[in-house]
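Colleague: here's my sequence, what's the structure:
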Amino acid sequence: MKLADLRTPALVLDRAAVARNTVAMAARVRQHGVRLRPHVKTAKCVEVAKLATEGQFGGITVSTLAEAEFFASHGFRDIIYAAGLSPGKFDDVIQFRREGVDLKVLTDDLDVARALSQHARAAAVKLEAFIEIDSGQFRAGLDPEAADLVPLAKLLHAPPFLTLAGVLTHAGQSYHAKGAAAIQAIAEDERRALIRAAERLKEAGLLCPVLSTGATPTATLGTRFDGLSEIRPGNYVFYDLTMHSLGVCRIEDIAVSVLASVTGHNKKAGHILIDAGFMALTKDQGAHDFLPDVGFGYVMDERLRARLPGLSVTEVNQEHGMIAARTAQDFERLPIGARVRVLPNHSCATSAMYSHYNVVDGATETVIGRWARCAGW
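Modeller: Numbering: from 1, shown residues only. Here you go, the predicted model:
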């Protein structure tokens, strides 16, 4: 099949770019002596997860129970469910463990930990839980110096049915830091937060087996990982314009794009219409902090060789995308029926709008595969 045969909008994945990205991250973890536990929420795809875990210990990270079910059904058994656990999901976690899936959970709450301990004991099923640590994002997690840290760890250290797996953090603030120096400073904050939390637990006589960090900017550009056990980046398999805007990746490292068709010209309004609106691209504008001209994605030629001069998707409705035409030549360059590729601001969100990837290998017009994605929660 050729790209020209695809009905638009279509999600296109460059296998060669994914392979380069995963090999590069594998080399980084070897250099720094930590484990790589990729976060599969970006791709939600078995084939991509296999590339990301090749040569690694095999553990993955998920953000939904639907992802955990999907990947467990394809042979992935060592999984961290890296979202705060609510009591309504205890029975799901118990069932995973009964089926032989080593699903580890996460909390920062004393009441949840207490209830989880009671639930595990009542079910006579062994569970493991991480304490979430806040390393500067201020979204969730305990401060490393929080008074609740040691009491929480004691609740999670309740053998034989509940075990403290360790401490875990995500430096999401790195998605708004420009350049290597700023991101490296956040990576050090991330590292130190976990080390300090682990020190406090050890001072209290508690084991802290795993120190787990995870963010693509800090994993890609961080310089020190000593004292840590593993890193959990996810976006790096695809990257996107947000990562490019931070200096984390090059344009050519971005592995997913949306193939779209030109459907109209509105010369009075000065825009070119395409059939990729916010249902195909999302409304994510994560790259705007440092790329003010990005709109809802850069407009590239059909084979993704180059950006069309200065063109972005500047406005989106549900099924309509609008490209601001700067000159009359832009209309001539993109006649009705022409096809373009749009690079996403946020590959995780854009990919989530599709059931599968149309896989190409490099700058080619040939589709070599169709890789399914999981969906839902």
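Colleague: start to end distance for stretch 226-242?
Modeller: Across stretch 226-242, the terminal residues are separated by 27 Å (CA to CA, to the nearest Å).
Colleague: stretch 323-336 too?
Modeller: With CA to CA as the measure, the first residue of stretch 323-336 is 13 Å from its last.
Colleague: stretch 68-84 too?
Modeller: Length of stretch 68-84, first residue to last, CA to CA: 14 Å.
Colleague: buried ones in that stretch?
Modeller: A68, E69, F70, F71, A72, F76, I79, I80, Y81, A82, A83, G84 (16 or more other CB atoms under 10 Å). For the C-beta atoms, the positions are set from N, CA and C on the backbone; glycine is no exception.
Colleague: with stretch 328-347 instead?
Modeller: The neighbour-count criterion (16+ other CB under 10 Å) identifies 330-331, 333-334, 339-347 as the buried residues of stretch 328-347.
Colleague: check stretch 146-157 too.
Modeller: Within stretch 146-157, the residues that count as buried by 16+ other CB under 10 Å are A146, L149, V150, L152, A153, K154, L155, L156, H157.
Colleague: okay, now the domains of this protein?
Modeller: The chain resolves into domains spanning 3-10+249-372, 16-237 when parsed by automatic domain parsing.
Colleague: pretty sure L11 sits against V359.
Modeller: No: L11 is beyond contact range of V359, at 9.9 Å (criterion: CB atoms under 8 Å).
Colleague: pick out whichever of these two has more residues nearby.
Modeller: L11 (24 against 20; other CB atoms under 10 Å).
Colleague: residues near the closest residue to the more buried one other than its chain neighbours, how many?
Modeller: Nearest residue to L11 in three dimensions, chain neighbours excluded: Y354, at 4.1 Å (CB to CB, 6 or more residues apart in numbering). Y354: 18 surrounding residues under other CB under 10 Å.
Colleague: quick one: Y354 and P233, what's the gap?
Modeller: As defined by CB to CB, to the nearest Å, Y354 lies at a distance of 22 Å from P233.
Colleague: cool, L162 as well?
Modeller: 28 Å.
Colleague: quick one: the one helix or strand V48 maps to to chain centroid distance?
Modeller: Taking DSSP states H and E as the criterion, the element that holds V48 is helix 46-53. Counting by CA atoms, centre = their mean, to the nearest Å, helix 46-53 is centred 13 Å from the centre of its parent chain.
Colleague: if we can go back for a sec, distance to M243 for the domains of the chain - can I get that in CSV?
Modeller: Formatted as CSV, those follow (distance: least, CB to CB, whole Å):
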stretch, distance to M243
domain 3-10+249-372, 5
domain 16-237, 6
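Colleague: need these in JSON lines with mean pLDDT, can you?
Modeller: Listed next are the domains of the chain as JSON lines, based on pLDDT from 0 to 100:
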{"stretch": "domain 3-10+249-372", "mean pLDDT": "95"}
{"stretch": "domain 16-237", "mean pLDDT": "97"}
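Colleague: for the longest helix belonging to the chain, buried residues please.
Modeller: Of all segments of type helix in the chain, defined using DSSP state H, the longest is helix 180-203. Counting neighbours by 16+ other CB under 10 Å, one finds that the buried residues in helix 180-203 are 180, 182-184, 186-191, 193-198, 200-201.
Colleague: before we move on, what about stretch 23-37?
Modeller: Of the residues in stretch 23-37, those buried under the neighbour-count criterion (16+ other CB under 10 Å) are M25, A26, R28, V29, V34, R35, L36, R37.
Colleague: contacting residues for the second one?
Modeller: Spelled out, it's A26. Contacts of A26 were listed using CB atoms under 8 Å, 6 or more residues apart in numbering, and they are L36, E54, G55, Q56.
Colleague: buried subset of those, written for ChimeraX?
Modeller: Of these, the buried ones go into a single ChimeraX selection, burial set by 16+ other CB under 10 Å:
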select :36,56
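Colleague: the contacts of A26 in strands, which ones?
Modeller: Assigned to strands by DSSP state E, the following of those qualify: L36.
Colleague: need the max-distance pair from the contacts of A26.
Modeller: The most widely separated members of the contacts of A26 are L36 and E54, with 10.1 Å between them, by CB to CB.
Colleague: quick one: which of L162 and P233 has more around it?
Modeller: Regarding L162 and P233, a neighbour count based on other CB under 10 Å identifies P233 as having more, with 25 against 22.
Colleague: need the contact list for the more buried one.
Modeller: Contacts of P233 by CB under 8 Å, 6+ apart are M25, L36, P38, H39, G214, A215, T216, A219, T220.
Colleague: what is the neighbour count of A372?
Modeller: Using other CB under 10 Å, A372 has 13 other residues around it.
Colleague: those strands in the stretch 1-150 of the chain, which residues are they?
Modeller: If DSSP state E, counting those that start in this stretch is used as the criterion, the strands of the stretch 1-150 of the chain fall at 10-14, 35-36, 60-62, 78-81, 102-107, 127-132.
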